[in-house]
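>>> need the 3D shape of this:
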Amino acid sequence: MDFSLDALRRDPGPGGDAAAHDAADRLLLDESAAARAGVDADDVVVIGDVSGALALPVAAEAPASVVRVHQDPLSDERALHANARAFGLADSVRSLPLTGDLVRGARLVLLRLPRSLDALRDIAGLISAHAASDVNVFAGGRIKHMSVSMNDVLREHFSTVDVTHARQKSRVLIARGPHDGRDPVPARAVHDGVTVCAFGGVFAGASLDIGTRLLLEHLPSPDGRDPFLDLACGSGVVGATMAVRHPGLHVYASDESAAAVASARATAAANGVSERMTVVRDDALSALPDAGASLIALNPPFHRGAALDEGIAPYLFADAARVLRPGGELWTVWNSALQYRPALTRLVGPTRQIARNPKFTVTASVKR
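Residues are numbered from 1 along each chain as shown. Next up, the predicted model:
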């Protein structure tokens, strides 16, 4: 089957109508073409691919090889594998976590630059620690989402960083000469007696953002008959705080971000609640049955990568409603300007305001 970028499809979840590739992907492929010709596809690693626009062209060039891939959002990983199956390349790509095995011995890395400098620092340090000494890293993105600080972060772990000419509002950075490599280590901070751990790219890092603090100040005590659910858990600070407050409580935390799941597990361990806090990488709460939860907490994201995505919050509201028992409650904190209350009422049930400060609103929605 002939490979075509235009045939790629996004995951059908929220944001699924967005383009499956863009000018930055095409520029990365063009700029790395000569380097790809000189290495085996088994020695190529792709990080941050959205739907396979980088990994699958490499795999199509050498389908007997296996391209290693890491994508933080589960939706992107699902899109990659669905597209791989469509092109008969299912066995030619392999998803791995952001650990040494991902980049061990790699001679070429194609990277879509992450929004977060801390996430880029984690990736650059990992490549430098485990890739081949002659590795070439091609890191690209849309110029509007790039900054000079990205060059500086790459220089912390590579001897040279070259910048390509811009094309179609995209640019590629080429890093060579790895040094001072390190495995990612989560940032740590203590808030109100709870230790928060966060790898690069996780919302708010190891800090306690204003909205989450407001939510924690007002969350009720669970009745104990069901696990407390921390939906879109991020660093896991909400779930861990509830586990610390209520020593008999079991917590189920879910996020589609690999970095968030790793952070929440580290947060649980740092507070000695790992045995009572299950953390999963999942599409919302899809692994849970209908009508089995009494209390869910949610601070919904409204970005997908660098782009605003207004479909994420309603998608999470709807799945929370599916999982709640009749009479169960979804407690949500949101930026007041987003005006989520009508959607919460429509998708979950009667919604009352619990608290409000100059920027954020906390509501409780009762499942009908």
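>>> show the contacting residues for the closest residue in space to residue 35 that isn't next to it in sequence.
Excluding the flanking residues, the one nearest residue 35 by Cβ to Cβ, 6 or more residues apart in numbering is residue 136, at 5.0 Å. Quick note: C-beta positions are derived from backbone N, CA and C, even for glycine. Under the criterion of Cβ atoms under 8 Å, 6 or more residues apart in numbering, the neighbours of residue 136 are 32, 35, 107-109, 174-176.
>>> who does residue 136 form a beta bridge with?
Going by DSSP bridges, residue 136 is paired in beta bridges with residue 108, residue 176.
>>> and the gap between it and residue 127?
When Cβ to Cβ, to the nearest Å is the yardstick, residue 136 and residue 127 sit 10 Å from each other.
>>> any chance you could list residues touching both of the two?
What both residue 136 and residue 127 touch, as defined by Cβ under 8 Å, 6+ apart, is the set residue 109.
>>> ok, the contacts of residue 136 vs residue 13, which is closest?
For these, the residue nearest residue 13 by Cβ to Cβ is residue 109; the value is 27.3 Å.
>>> show me where the stretch 101-250 of the chain has its strands.
108-112, 136-142, 158-163, 170-178, 187-191, 194-198, 228-231 (DSSP state E, counting those that start in this stretch).
>>> turn those into JSON lines, including mean pLDDT.
JSON lines is the format used below for the strands of the stretch 101-250 of the chain (pLDDT from 0 to 100):
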{"stretch": "strand 108-112", "mean pLDDT": "98"}
{"stretch": "strand 136-142", "mean pLDDT": "98"}
{"stretch": "strand 158-163", "mean pLDDT": "98"}
{"stretch": "strand 170-178", "mean pLDDT": "98"}
{"stretch": "strand 187-191", "mean pLDDT": "98"}
{"stretch": "strand 194-198", "mean pLDDT": "98"}
{"stretch": "strand 228-231", "mean pLDDT": "98"}
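>>> now those in TSV, with distance to residue 252?
Converted to TSV, the strands of the stretch 101-250 of the chain look like this (distance: least, Cβ to Cβ, whole Å):
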stretch	distance to residue 252
strand 108-112	31
strand 136-142	35
strand 158-163	40
strand 170-178	39
strand 187-191	22
strand 194-198	18
strand 228-231	5
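>>> which among those strands is found nearest to residue 85?
For the strands of the stretch 101-250 of the chain, the distance to residue 85 is smallest for strand 108-112, at 21.1 Å, taking Cβ to Cβ.
>>> which residues does the closest one contact?
Residues from elsewhere that reach strand 108-112 (Cβ under 8 Å, 6+ apart): 24-25, 28, 32, 35-36, 39, 43-50, 54-55, 58, 103, 123, 127, 131, 135-141.
>>> now do stretch 210-227: distance to the chain's middle.
24 Å (Cα atoms, centre = their mean, to the nearest Å).
>>> would you mind listing the buried residues in it?
211-216, 219, 222, 226-227 (16 or more other Cβ atoms under 10 Å).
>>> what's the closest of these to residue 193?
residue 216 (11.8 Å).
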